[in-house]
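Chemist: Sequence first, then the predicted structure, then my questions.
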Amino acid sequence: MLNDRAQRFLVVDVGGTKTALAVAQIDQAHIVLSQSVIWPSAKYATCEDLLAAYLQTLDVRPEQAILAIAGPVRQGVASLTNLPWTVSAEDTASTLGLADIQLLNDLEAMAWSIPGTRDEDLIPLQTGTVQPDGLIALVAPGTGLGEAFLARTGETYTSFATEGGHADFAPTSPIQDRLLAWLREDLDHVSVERVCSGSGLPSIYRFLLQDRSDKARTRLRDTILSEDDPTPIILDTGLDRGCPICHDSLQIFVDILAAEAGNLALKTLCTGGLYFGGGLPPRLLPLLRTRRFVNTFAAKGRFEGLLQQIPLNVLCDPQAVLKGAARFGQQLTDRPMERSSQ
């Protein structure tokens, strides 16, 4: 049970599609989230408008807020990658009458949650061997593609954000070569996020239609091509094999995710484990819990043996970002901490 001196924060996961908000109470190792809501981000003109609306629903207003932003954070200012919002910690705190607001990247926040994640919120893909002092890496395909890592600092970890999802897409098969060439017809730079995210999956589907010269009109195809966000349809019909092109789109997506996770594992040497977060991996478990997936992850030539020893897990806690934001706030309160350079 939390005592009366438990720390209280407003914690917010600000995403391009939706924003999750809650009040977090922390007493030593315990985090309790209350008054949790999820609201559509685009319904509000600014982040300040959304936060003000939520604060009006609370009987007790926290004095401090931790905002996890789906975009890069620099000197207390963040611009969302997939939504035309710019958030200033100082200006937002002043507007809302809060004592303090801290901003951090949403993947940095999700990574903060990993050391305290319960076993029941993890689904193992590869057992491997955990090195207690090793780095921990996180790759999370959702609306976009986020990547982060954790490094041990004394008795705890410190989380570091990256923008690795915007690095170059590196094909690993002939069909992915053709996908890259097709995307280059319209894009100056093809990042891995363009094909390994909720916004990228429809691009794979449209590419396959052209690659196979499939011009047959069907109700499903017309629906997918007309939807603003066809990703849920492609997921559902692909997983139940109701549409071969949808299923093949998912398989290409998963192959790209496995290869990119292997790239991140090599760059961070994450012998403490690699985690898959975000909204898509829990839905794609039938394709992730396969020999093909772990083999594609480890297919790095001379370093295949090393990658076969890295533990792989899917992070299934839907409130991981909020809990990580709360943990970050606790760390700031408990001791002075140098933020990662952003």
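Modeler: All right, it came through fine.
Chemist: what about the stretch 101-250 of the chain, any weak spots by pLDDT?
Modeler: Residues of the stretch 101-250 of the chain meeting the criterion pLDDT under 70: none.
Chemist: what about the helices in it?
Modeler: 106-113, 174-184, 201-211, 219-226, 231-239, 244-268 (DSSP state H, counting those that start in this stretch).
Chemist: Could you give me the buried positions within the fourth one?
Modeler: It stands for helix 219-226. By 16 or more other CB atoms under 10 Å, the buried positions in helix 219-226 come out as Arg221, Ile224. Using the backbone N, CA and C atoms, a C-beta is placed for each residue, glycine as well.
Chemist: Please apply the same query to the last one.
Modeler: The neighbour-count criterion (16+ other CB under 10 Å) identifies 245-265, 268 as the buried residues of helix 244-268.
Chemist: Quick check: mean pLDDT of whichever helix or strand comes after that helix?
Modeler: Later in the chain than helix 244-268, the nearest helix or strand by DSSP states H and E is strand 274-276. Mean per-residue pLDDT for strand 274-276: 98.
Chemist: Could you list every helix and strand that strand 274-276 packs against?
Modeler: strand 136-141, helix 244-268, strand 312-315 (3 or more CB pairs under 8 Å, 6 or more residues apart in numbering; DSSP states H and E).
Chemist: what about the ones you listed, which gets the closest to His166?
Modeler: helix 244-268 (11.8 Å; CB to CB).
Chemist: Redo the helices and strands packed on strand 274-276 as CSV? Include distance to Ala148.
Modeler: Converted to CSV, the helices and strands packed on strand 274-276 look like this (distance: least, CB to CB, whole Å):
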stretch, distance to Ala148
strand 136-141, 5
helix 244-268, 10
strand 312-315, 12
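Chemist: Nearest to Pro281 among these would be which one?
Modeler: Comparing the helices and strands packed on strand 274-276 by CB to CB, strand 312-315 comes nearest, at 4.8 Å.
Chemist: Okay, buried residues for the closest one please.
Modeler: Leu312, Asn313, Val314, Leu315.
Chemist: and which of the residues you listed is nearest to Val23?
Modeler: Leu315 (22.5 Å).
Chemist: Would you enumerate the residues in contact with the closest one?
Modeler: Residues counted as contacts of Leu315 (CB atoms under 8 Å, 6 or more residues apart in numbering) are Met110, Ser113, Ile114, Thr117, Asp121, Leu122, Leu138, Ala140, Tyr275, Phe276, Gly277, Pro281.
Chemist: what's near enough to touch the last one?
Modeler: Applying CB under 8 Å, 6+ apart, one finds that Pro281 lies in contact with Ala140, Pro141, Leu257, Leu288, Val314, Leu315.
Chemist: Roughly how far does the residue of the chain most remote from its centre sit from Cys243?
Modeler: Distance from the C-alpha centroid of the chain, by CA atoms, centre = their mean, peaks at Ala216 (35.4 Å). Using CB to CB, to the nearest Å, Ala216 is found at 12 Å from Cys243.
Chemist: swap in Ala22?
Modeler: Relative to Cys243, and taking CB to CB, Ala22 is found at 37 Å.
Chemist: Check Thr143 too.
Modeler: Distance, Thr143 to Cys243, using CB to CB: 23 Å.
Chemist: which of these two has more neighbours?
Modeler: Thr143 (25 against 19; other CB atoms under 10 Å).
Chemist: Good, we can wrap up now.
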